[in-house]
Each structure stands twice: as C-alpha cells, then as structure tokens.
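Undergrad: Sequence first, then the predicted structure:
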Amino acid sequence: MRGDKYTYLTTAIDYANGPPHIGHAFEKIGADAMVRYRRLKGEQVRFVIGMDEHGLKVLQSAEAAGVTPQAWADGIASKFEEMWRALGISNDDFIRTTQPRHHRAVEVMIERMQAADDLYRGKYEGLYCVGCEAFKTDAELVSVATLEAAAEAGTGADGVAGGVHSEGLTAEERVARLRCPIHPSRQLVWSQEENWFFRLSRYGERLLKLLAERPEFVQPESRRNEIRRVLEGGLEDISVSRSRLGWGVPWPGDPEHTVYVWIDALTNYLSAVGFPDPGYGQFWPADVHVIGKDITRFHCIYWPAMLMSAEVELPRTVWGHGFVTFGGAKVSKSEGGARVDLTELVELRGADALRYFLLREVPWNGDGEISAQRYDERYTSDLANNLGNLVNRVISMIERYREGVVPPGAQTALDPEIAAALVRYRGAMDANLLQQGAAAAIELGQAANAFVGDRAPWNQAKDPALAGELDATLASLARALAAIASMLFPFMPAKMTDLASRLGLEAPLPLESLAALELAGRRMHKGEVLFPRPQE
RNA sequence: GGCAGGGUAGCUCAGCUGGUGAGAGCACACGAUUCAUAAUCGUGGGGUCGCGGGUUCAAGUCCCGCCCCUGCUACCA
C-alpha cells in the first residue's frame, strides 16, 4: 500500500554527558524488540539510534576531562555504540548531532520555520547561575532553606534534590531564596538575553485537533491524557537559541547564537534519513518514535509544531515507555543509574537473558521494578526450567527415538495451542505490549511441557504399535519449539538463532510460515545446554 | 495545591460496563513421573480485595470522605 516505504523507527538520542546505563539500555532493547518483530512480519525496517552531543553539560564534561568537546563526544559515542553491539541492538544507523548531515538538516528546518514567520527575536529572562553559565529553571533549583537544613543534617548540598515552585515570587525574592545546587554558595542573578523564539503558541489548536483525530499519535493512553491537559492549558512561545553557549549548531544568519536543544535534538530524526534531500520520503514519516515518558512533551508538542511550521509530515506515533527502577531508585537516563552497573549486568547472564528479563519484567507501557533476586527467579523459572529444559528434553527424545530426524506426524492437541499462542502473541506485539508477547511464548512452553507429560513419549516408544503416536508427539513438539524460537527472537536474537539452528533451521522462521509448518526430515542436534541453571 | 493513575495472596500483577464459591505466574508443601538442566506434571495451603461510611436483592467492581504511593504541573537533556 505504501509502496516500498520503510517502517521507520527511532529511539531518543542519548545525551553525551556520561556512559550508557540501564535506563538507556532498556529503551534500546525495547525498541529493538519492536523492530525485530516487524522484520519477522516481513516489513522493511529502518532503525536509528543516536547521540545528542551539543550543549552545556557536554562542554563542561569535556573541560573537566581536559579534552575538546568533540573529542569528548567521540569517546562517549563509541562507548554507546559498543554497548549497543554488545546488547545485540540492530540499528541501521547512528546519528550524531555534531555530524554535517545533521547541521544541514537543522539549518533547513530553521529556514523553513523562518519562512513561515514562526521565529522571532525576543527576550528571555530568568535566574542565571554564573558558575554554570546557564539559565536555571525551578526544577533545577533548591531553596536556601533546604540547603540550610541539609547542612544541619550534615548531608551537604550534593544530596539535595532539585525542584522548587517560584511562581508568584518577584525576581528579588527568587534571588534571595533560591540557589543552584551545583554552586550553592553563589547567588543567582536575574538576567536576560536576546534569543530566537518559536511561536509555539500558534499551534495549540492544531495540536489538540491532532490528538482528537489521531489519538494513536501519543501512546500509551496515559501519556496522551497528560499532553492533552498541557495543550488545554495553552501554550507559550519557547526560546530556541542561546547566545552565550558556543557548543552547538550556529544559528543561520545570526552566528552569535547557537541553536538550543529543541530544534537541534529533535531534528535528528529527519537528518538521519537524509532530509532535506527528496530521498528521505522513503523513510519519513517515522512510524514510531520510541522515547522515555519524561520527554513526551517535547515529542508530542514541540516536535509536531516544528514540523507543522516547516511543512514536514508528522510522525505516526510517539511511544513513551516507562522506567526501570532498582530497589525503588529511578534508573532513567537523566538520573545516572549509578546503582546498577550495566556492563556487569550484561556479563552476569549475557545480553539475551538481560534483554528478556527487562522486557518480561517491566511493562513497555509503564514502570517496573527489578532486582538481582528477581533476575535470578525469572531466569531460572522461565528460561532454564521452562524453555531451556523443554528444548533439551524434546531434542533428546528426537535423537533417542528417531535418530535426530523429525518424523512426519499428524496434528495433535498441542497444535491448536501453538496457533492460539501465536494469535495472543501477535495481538500483544502489534499493540507494543512486549511483556505480554514474551508471556505468550513462555505459556506455549508450559503447554508443551504439560503435553509431554500427557503423551508420555517414553511409554509410546516402548510399544511399536504406537510408533505413529510417537511420531505425532515429536512432530508437534518440534513445531512448538520452532514457533517459540520465532516468538522470542525479538527478545533474544542470538539465543533464538542458536535454537533455530538446533532445530535444523537456518534462522527463526517468519511468523507467516509458522501456520502450516512442516519440519519432517529436519535433523536436530541438542548441543550444549541453552540456558544453564545458575550454579549454587 | 491542581490534574491523572494506582493501593487485590510472601512477591509481580489479572479482575471490562456491579451477580455462579475472589484468580494467574513465581515462591512454599505434598503427590506423580523419568524424556530432560535436582528439570517436568498435578494437587494444596495462604487474601478484613488501603480505611470508614453509603446505594443495591447483590460491590475489589458504583457514590462520598479519609490515608498512602506514582506521574504531570513546559524552555536539564
């Protein structure tokens, strides 16, 4: 219907001020599962991940490390790319905001927005921290009273969480009462600078209309309701340039300014597919922007408004996933995730087990809690006992009773269960409910295990008159394993490719081919235990 | 403070527009089985369904009040 249009799926680009942690990984793993599922359905997919490398924090990190900001960004970017390779993330491209192709796209966006008369020079004023060389918002500030309390408690300023409510206070009151937690001894300055502004206020009605006509634009629903509330409250124009910050895309025609984060970072989704060259239409509009729920506003308000202004088609959906918490602590991208070392977690049981665990444990449309104990339990019960053991016992029996070759066999009671599991699986995966998709596969494993008990193939094998029954038992079980290999491939690409090869297949089969699957004649081999039980 | 969502077995959660004895998975106990990774299958114990009122023949399921948790409340990404 859409010709050879690719399915285009993106993740948020990560900010280059620190190494990757589990919050970054959760998002990429989930997005990768969505991508691999779509490929399994036969879609041609473009999957892009990237880095946001401009801005103050990158500059500061680079200075602290004594390197140029570009060198700093290069280092961080390579760490991220290494991690994505280690986790089996199948992105086709890695866009970086310091690349020339991105600068070009940003410039064109600005030119178009300018042509629409949506950009103007205005004054931005607010509390400015001289130490940080940056304006600060309420969310980034603490009150003097809070600092004093912390000092009394002996915890110091480091542990103080930001976040104040200063609406209604005069500039003088704000200066007197609020401090930057990074530079608590310095007074903030009420300052102003001339910036470029985007007439976001023009787009409120059109955005409300967008939500009404295309509710799927913001998913899941809980995120959509939040966005609607913001829109109903009315929009103000936003400043989109900075004059005191050098590290960014120079503002076209006004090189004293650099492009501030919104137009810069969000435009990556276009620059990665070649915008403004006409070929970008092969990929654009994006089918799904996968993002963390904390940045839905930027993707569901700023971004579509910018695209409307520039007369570029809007993405189809924005998916705002939730967060992983570890022992109650948020481990999102912006919180550091210091309590869980991602590299250690990958090494513990391998990338595939981690991918499975996260997506099985944390709903893709909400938050979830993980722990080391939980990982143990989930791995042992789902992967080692249920699935791994099933693979082992089925292939063992085929080797023992049929020389390792799948016999031709009639349908059994298990086959309708395979079909039913596939229906549930597709329903869940099409709705991006990855957790439920994984559950459907494991439930099929449980059904297959129960089926083995019911049929007792070891008894069928003792009576030559039951040879046909035994054939049917083994053939059905083989079909179940092939189905599971495909269903779990988006979650565990390496392990399921391994499983497929043990089943005599080159790779997990496309979903379409599972309906009328015939494996007779395939030679199976058991191999090493697929998911070893944790050693005690 | 306002808005939104949530508080159901030890843990993670299903329970849609009110109605047969309140469920699943994991964990635990017992039984069965031997193809298999001390794995598997079956059975069972265990819950004042946040608290207090109310509507109704009947309420986790509706209404009111309260307590607790989470998210959002716009220019950090």
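TA: Everything's here; your move.
Undergrad: Next one: the nearest residue to residue A:385 once chain neighbours are set aside relative to residue A:439, how far apart?
TA: Nearest non-adjacent residue to residue A:385, counting by C-beta to C-beta, 6 or more residues apart in numbering: residue A:533, 7.7 Å away. (C-beta placed from N, C-alpha, C; glycine too.) To residue A:439, residue A:533 is 21 Å away according to C-beta to C-beta, to the nearest Å.
Undergrad: if I look at the spatially closest residue to residue A:285 that is not a sequence neighbour, how far off is residue A:204?
TA: The shortest distance from residue A:285 to any non-neighbouring residue, by C-beta to C-beta, 6+ apart, is to residue A:313 (4.4 Å). In this view, residue A:313 and residue A:204 are 20 Å apart by C-beta to C-beta.
Undergrad: what do you get for residue A:509?
TA: From residue A:509 to residue A:204 the distance is 48 Å (C-beta to C-beta).
Undergrad: Repeat that for residue A:111.
TA: From residue A:111 to residue A:204 the distance is 24 Å (C-beta to C-beta).
Undergrad: Comparing the two, which residue is more hemmed in?
TA: Using other C-beta atoms under 10 Å as the criterion, residue A:111 and residue A:204 rank with residue A:204 on top: 18 against 15.
Undergrad: isn't the more buried one right up against residue A:234?
TA: Yes - under the contact definition of C-beta atoms under 8 Å, residue A:204 touches residue A:234, with a separation of 6.2 Å.
Undergrad: Of residue A:533 and residue A:439, give the one with the bigger neighbour count.
TA: Between residue A:533 and residue A:439, counting by other C-beta under 10 Å, residue A:439 is the more crowded of the two (17 against 13).
Undergrad: I'd like to know how many residues surround the spatially closest residue to that one that is not a sequence neighbour.
TA: The shortest distance from residue A:439 to any non-neighbouring residue, by C-beta to C-beta, 6+ apart, is to residue A:360 (7.2 Å). If you count neighbours by other C-beta under 10 Å, residue A:360 ends up with 23.
Undergrad: go on, residue A:372?
TA: 12.
Undergrad: And for residue A:117?
TA: 10.
Undergrad: quick one: secondary structure of it?
TA: coil (DSSP: H, G, I helix; E, B strand; the rest coil).
Undergrad: what's the pLDDT at it?
TA: Here the pLDDT value assigned to residue A:117 is 95.
Undergrad: repeat for the one 3 residues further on
TA: According to the prediction, residue A:120 has pLDDT 94.
Undergrad: The one 4 residues further on too?
TA: The pLDDT attached to residue A:124 in the predicted structure is 79.
Undergrad: you'd agree it is up against residue A:239?
TA: Yes - between residue A:124 and residue A:239 there is a contact under C-beta under 8 Å: 4.4 Å.
Undergrad: which residues are common contacts for the two?
TA: A:195, A:197 (C-beta atoms under 8 Å, 6 or more residues apart in numbering).
Undergrad: Now do the domain split for chain A, please.
TA: Following the assignment in automatic domain parsing, chain A carries domains at A:7-116+A:263-368, A:119-239, A:372-513.
Undergrad: Compare those and say which comes out lowest on pLDDT.
TA: domain A:119-239 (a mean of 76).
Undergrad: So what would you say the end-to-end distance of that one is?
TA: This stretch, domain A:119-239, spans 9 Å end to end (C-alpha to C-alpha, to the nearest Å).
Undergrad: In the stretch 1-150 of chain A, which residue sits nearest RNA strand B?
TA: Residue nearest to RNA strand B within the stretch 1-150 of chain A (C-beta to the nearest atom of the strand): residue A:15, separated by 2.5 Å.
Undergrad: any chance you could map the strands in the stretch 251-400 of chain A?
TA: A:254-259, A:288-292, A:317-321, A:324-326, A:329-330, A:368-370 (DSSP state E, counting those that start in this stretch).
Undergrad: Would you mind confirming that residue A:251 is in contact with residue A:113?
TA: No - Residue A:251 is beyond contact range of residue A:113, at 11.7 Å (criterion: C-beta under 8 Å).
Undergrad: count of neighbours near the closest residue to RNA strand B within the stretch 301-450 of chain A?
TA: Nearest residue of the stretch 301-450 of chain A to RNA strand B: residue A:388, at 1.7 Å (C-beta to the nearest atom of the strand). Residue A:388 has 21 neighbouring residues, counting by other C-beta under 10 Å.
Undergrad: My guess is the residue nearest to residue A:439 contacts residue A:378. True?
TA: Yes - with contact defined as C-beta under 8 Å, residue A:360 counts as touching residue A:378 (6.3 Å).
Undergrad: Which residue comes closest to residue A:171 once chain neighbours are left out?
TA: Residue A:171 sits nearest to residue A:190 (C-beta to C-beta, 6+ apart), 4.2 Å away.
Undergrad: how about residue A:386, what does it touch?
TA: A:442, A:445-446, A:449.
Undergrad: which of those residues count as buried?
TA: Buried members of the contacts of residue A:386, scored by 16 or more other C-beta atoms under 10 Å, are A:442, A:445, A:449.
Undergrad: which element is the first one on?
TA: Assigned by DSSP states H and E, residue A:442 falls within helix A:434-455.
Undergrad: Following the chain past that helix, name the next helix or strand.
TA: helix A:457-460.
Undergrad: Name the residues of that next one that are buried.
TA: Quick answer for helix A:457-460 (16+ other C-beta under 10 Å): A:457, A:460.
Undergrad: For that helix, which outside residues touch it?
TA: The contact list for helix A:457-460 (C-beta under 8 Å, 6+ apart) reads A:397, A:401, A:466-467, A:469-470, A:473-474.
Undergrad: and with 7 Å instead?
TA: A:397, A:466, A:469-470, A:473-474 (C-beta atoms under 7 Å, 6 or more residues apart in numbering).
Undergrad: Going by neighbour count, which residues of stretch A:346-364 are buried?
TA: A:346, A:348-364.
Undergrad: typo on my end, it should be stretch A:468-485
TA: Neighbour-count burial for stretch A:468-485 [16+ other C-beta under 10 Å]: A:469-485.
Undergrad: Around RNA strand B, which positions in the stretch 51-200 of chain A sit nearby?
TA: A:52, A:55-57, A:124, A:135-140, A:200 (C-beta under 7 Å from any atom of the strand).
Undergrad: Check these against residue A:87 and report the nearest one.
TA: residue A:52 (19.7 Å; C-beta to C-beta).
Undergrad: so who does the closest one touch?
TA: Counted by C-beta under 7 Å, 6+ apart, residue A:52 has contacts A:13-16, A:97, A:265.
Undergrad: can you tell me which residues contact residue A:474?
TA: A:397-398, A:401-402, A:406-407, A:409, A:457.
Undergrad: Next, format these as TSV and append distance to residue A:427.
TA: Listed next are these as TSV, based on distance: C-beta to C-beta, whole Å:
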residue	distance to residue A:427
A:397	32
A:398	31
A:401	36
A:402	35
A:406	29
A:407	32
A:409	28
A:457	32
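Undergrad: How many neighbouring residues does residue A:423 have?
TA: 11.
Undergrad: Buried residues of the host helix or strand of it, list them for me.
TA: Element membership for residue A:423 (DSSP H and E) is helix A:414-430. Going by neighbour count (16+ other C-beta under 10 Å), the buried part of helix A:414-430 is A:414-415, A:417-418, A:421-422, A:424-426, A:428-429.
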